[in-house]
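J.: heads up, no residue letters with this:
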């Protein structure tokens, strides 16, 4: 599969624990996005990278959330001190240059118990 | 405020019937609008974009700036069209705003 890859696919964690998700975009894509999707809602923008630079962050991204894309390839999203409200599907997407079409991964479903 | 509204959470039609999935947007700039689709157990994928003015899988969507709408239409629904459909607005930055989605169910 040469599409966007996300790991793990599912994560169950206890409240207060830290979790980290990984996204591997399509190899030549320089733009990478993280979204969060809760039940009955569409994806909500969290943050955007162009190469290794994080250019935009949503106000949804509290200080417990941090994202990196150290070499402009894969990206990680870390949530510290998880809360039950963090339970959601976390989606990663990538795109190339000025193309607006984003290619999505299958997501990581986080459940905080 | 930048917003995308899909008023119907569920739309159920019979096979062969016309389909219209509604989408309204709020944006002060020049909008770029898209429809994304998610079939069962598959990832979210682009269906069509307004600038292309194309028909994909029999679906079309016309941007109406006067009514701030971008409704998705298909004259004859097929069972394989059953899926979740999201209208999306790309703003001048790098953020895409999605609607809450409409689940289309095409009955045999």
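T.: All right, it came through fine. Note that the structure is predicted; figures quoted are calculated from it, not measured. Residues are numbered from 1 along each chain as shown, chains lettered A, B, ... in the order given.
J.: in chain B, what residue is nearest chain A?
T.: Of all residues in chain B, residue B:98 sits closest to chain A, at 3.2 Å by Cβ to the nearest Cβ. All C-beta spots, glycine's among them, are computed from the backbone N, C-alpha and C.
J.: give the closest residue to the most centrally placed residue in chain A in space, chain neighbours not counted.
T.: Centroid-nearest residue in chain A: residue A:34, 3.5 Å away (criterion: Cα atoms, centre = their mean). With sequence-adjacent residues excluded and distances taken as Cβ to Cβ, 6 or more residues apart in numbering or on different chains, residue A:34 is closest to residue A:46, at 4.3 Å.
J.: from what I can see the one you found touches residue A:61, true?
T.: Yes. Residue A:46 is within contact range of residue A:61, at 5.3 Å (criterion: Cβ atoms under 8 Å).
J.: that older thread, my guess is the residue nearest to the centre of chain A contacts residue A:44. True?
T.: No. Taking contacts as Cβ under 8 Å, residue A:34 lies outside contact range of residue A:44: 9.9 Å.
J.: chain center to the host helix or strand of the residue nearest to the centre of chain A: distance?
T.: Assessed by DSSP states H and E, residue A:34 sits inside strand A:31-37. Computed by Cα atoms, centre = their mean, to the nearest Å, the separation of strand A:31-37 from the middle of its chain amounts to 5 Å.
J.: after that strand, which helix or strand is next?
T.: Defined by DSSP H and E, the subsequent element after strand A:31-37 is strand A:44-50.
J.: what packs against that next one?
T.: Contact here means 3 or more Cβ pairs under 8 Å, 6 or more residues apart in numbering or on different chains; DSSP states H and E; on that basis strand A:44-50 packs against strand A:31-37, strand A:53-57, strand A:65-68, strand B:96-98.
J.: 6 Å instead, please
T.: For strand A:44-50, the elements it packs on are strand A:31-37, strand A:53-57, judged by 3 or more Cβ pairs under 6 Å, 6 or more residues apart in numbering or on different chains; DSSP states H and E.
J.: how far off strand A:53-57 does it point, in degrees?
T.: 160 degrees (axes from the mean of the first three to the mean of the last three Cα atoms, to 10 degrees).
J.: now strand A:44-50: buried residues?
T.: By neighbour count with 16 or more other Cβ atoms under 10 Å in any protein chain shown, strand A:44-50 contains the buried residues A:44-50.
J.: again, but for stretch A:67-78
T.: For stretch A:67-78, by 16+ other Cβ under 10 Å, it's A:67, A:69, A:74-75, A:77.
J.: about what we covered before: closest to residue A:5 among the buried residues of strand A:44-50?
T.: residue A:49 (16.1 Å; Cβ to Cβ).
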